[in-house]
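Q: Need the 3D shape of this:
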Amino acid sequence: MRAILCREYGAIDKLAVADVAEPPLRAGQVLIDVHAAGINFGEMLMVLGTYQEKPPVPFTPGFEAAGVVRATGDGVTNVKPGDRVMAALPWGGYAEVAVAAANAVFPIPSSMDFVTAAAFPIAYGTAYGAFAWRAHLGPGETVLVLGAAGGVGLAAVEVAAAMGARVIGAAGDAEKCAVAQAHGAAHTIDYRREDLRERVRAFTDGRGADVVFDPVGGDAFAQALRAVAWSGRILVIGFASGSVPQIPANHVLVKNVDIVGFQWGSYRTRRPDLLTQGFARLAGWHAEGRLRPAISHRLKLAAVPEAYRLLRERRATGKIVLETRA
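A: Residues are numbered from 1 along each chain as shown. This is a model prediction of the structure:
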């Protein structure tokens, strides 16, 4: 099969298509003929060698894929050969064939094509899990989403709106703010030219945001801490800015703020039942037209270095997807 190989850490420009053996199928696993694979910031970090997991080189990156089940291993009952599925992977998605644990494989709803499905598991799974399981978001609450035009940020805008929240989307320019608004943000903030705290206070009659969704980190986190309401919650999702914030505990104390970490991937092994329930709800929302994944770039398999450049330069809105088959 054809797959992208990372032969050494830190060498993004050396990522290339290679002919490799298909992965073996074991008990509890699903063998998938991949049609499309999503691009994620964490995969780039893995290739750079700075992610929390470091697979032995050479390896194939890729956390999510969509395709057709070719075969199932012993003990698999949730899918069967011929099913259209999306899957979450530890790595291995940038390939024509992938294997995934059965509890991380989900049916693709009839309303969704392969490219959309490849953009769905991590962004929408992260947004839903963070709001439902960690922040316990309620209808009528105000949510501030940082990086609101990125892959996971835009998913968070849509999911929060679907859960009945009022969404404030913060992004880096007017064009990105317009994208966030088109996907459900009631208000937007261009944080390159507007004061985040003052704008949030203006939109909330001085109260602040009940929940902050932060996949950015760095200075954006510091501004969000000033913009959160008394007894609010800040969801720590990631550090796309490249800077891990240092949290001033005195501010957390005075405002009774909950700082809540969320890593969606850990639920694959610890609470797969929640993933199944979450994706059933997300699939229903997609079928109703309440979720409209945005894909700014559809690239061929060999274009992974270009995809990573788009991520680093923040030129993508929504998701980037690789089409793995001709």
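Q: does Arg292 count as helix, strand or coil?
A: coil (DSSP: H, G, I helix; E, B strand; the rest coil).
Q: What pLDDT is listed against it?
A: pLDDT recorded at Arg292 is 94.
Q: pretty sure it is touching His183, no?
A: Yes - between Arg292 and His183 there is a contact under C-beta atoms under 8 Å: 6.5 Å. Where you see a C-beta, it was placed from the backbone N, CA and C, and this is true even at glycine.
Q: Check the contact lists of these two and give me the overlap.
A: Glu158 (C-beta atoms under 8 Å, 6 or more residues apart in numbering).
Q: Among the two, which residue is more densely surrounded?
A: Higher neighbour count among Arg292 and His183: His183, with 24 against 14, using other C-beta atoms under 10 Å.
Q: Need the per-residue pLDDT for that one.
A: Per the predicted model, pLDDT is 96 at His183.
Q: Repeat that for Ala326.
A: At Ala326, pLDDT is 65.
Q: And Tyr128, how close does it get to Gly242?
A: To Gly242, Tyr128 is 26 Å away according to C-beta to C-beta, to the nearest Å.
Q: ok, now Val159?
A: From Val159 to Gly242 the distance is 25 Å (C-beta to C-beta).
Q: So which of these two has more stuff around it?
A: Of the pair Val159 and Gly242, Val159 is the one with more neighbours under other C-beta under 10 Å, namely 32 against 11.
Q: and Asp33, that's in a helix?
A: No - if the criterion is three-state DSSP, then Asp33 is strand and not within a helix.
Q: Which helix or which strand is home to Lys164?
A: Heads up, residue 164 is Gly, not Lys. Assigned by DSSP states H and E, Gly164 belongs to no helix or strand.
Q: show me what contacts it?
A: Gly138, Pro139, Gly140.
Q: if we take those, which one ends up nearest to Val212?
A: Gly138 (15.1 Å; C-beta to C-beta).
Q: neighbours of the closest one, just the number please.
A: 12.
Q: Leu48 now?
A: 14.
Q: ok, now Gly218?
A: Under the neighbour criterion other C-beta under 10 Å, Gly218 is assigned a count of 16.
Q: Hmm, it is touching Phe239, no?
A: Yes - look at Gly218 against Phe239 with C-beta under 8 Å: they come within range, at 7.0 Å.
Q: Next, show the common contact partners of the two.
A: With contacts defined as C-beta under 8 Å, 6+ apart, the residues shared by Gly218 and Phe239 are Pro245.
Q: then the helix ranked longest in the chain to PDB, C-alphas only?
A: Assignment by DSSP state H gives helix 272-287 as the longest helix of the chain. The C-alpha trace of helix 272-287 is given here as PDB (Å, rounded to 0.1, in the frame of the first residue of the first chain):
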ATOM      1  CA  PRO A 272     -15.000   4.200  25.100                       C
ATOM      2  CA  ASP A 273     -18.700   4.000  26.100                       C
ATOM      3  CA  LEU A 274     -18.800   7.800  26.300                       C
ATOM      4  CA  LEU A 275     -17.300   8.000  22.800                       C
ATOM      5  CA  THR A 276     -20.000   5.800  21.400                       C
ATOM      6  CA  GLN A 277     -22.700   7.900  23.000                       C
ATOM      7  CA  GLY A 278     -21.100  11.100  22.000                       C
ATOM      8  CA  PHE A 279     -20.800  10.200  18.300                       C
ATOM      9  CA  ALA A 280     -24.400   9.000  18.200                       C
ATOM     10  CA  ARG A 281     -25.500  12.500  19.300                       C
ATOM     11  CA  LEU A 282     -23.100  14.200  16.900                       C
ATOM     12  CA  ALA A 283     -24.300  12.100  14.000                       C
ATOM     13  CA  GLY A 284     -27.800  13.100  14.800                       C
ATOM     14  CA  TRP A 285     -26.900  16.800  14.800                       C
ATOM     15  CA  HIS A 286     -25.100  16.500  11.500                       C
ATOM     16  CA  ALA A 287     -28.100  14.800  10.000                       C
END
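Q: Enumerate the positions of that helix that are buried.
A: Leu275, Gly278, Phe279, Leu282, Ala283, Trp285, His286 (16 or more other C-beta atoms under 10 Å).
Q: how far out from the middle of the chain is the helix or strand following that helix?
A: Counting by DSSP H and E, the element after helix 272-287 in chain order, helix or strand, is strand 295-300. Centroid separation for strand 295-300 versus its chain: 16 Å, with C-alpha atoms, centre = their mean, to the nearest Å.
Q: Give me the contact list for strand 295-300.
A: Here strand 295-300 makes contact (C-beta under 8 Å, 6+ apart) with 115-116, 119, 306-307, 310, 316-323.
Q: which of those residues tops the neighbour count?
A: Highest neighbour count within the contacts of strand 295-300: Ala119, with 29 neighbours (other C-beta under 10 Å).
Q: May I ask which helix or strand encompasses the closest residue to that residue other than its chain neighbours?
A: Leaving aside its chain neighbours, Ala119 sits nearest to Lys319 (3.8 Å; criterion: C-beta to C-beta, 6 or more residues apart in numbering). Assigned by DSSP H and E, Lys319 falls within strand 319-323.
Q: Tell me how far that strand lies from the chain's centre.
A: Distance, centroid of strand 319-323 to centroid of chain: 13 Å (C-alpha atoms, centre = their mean).
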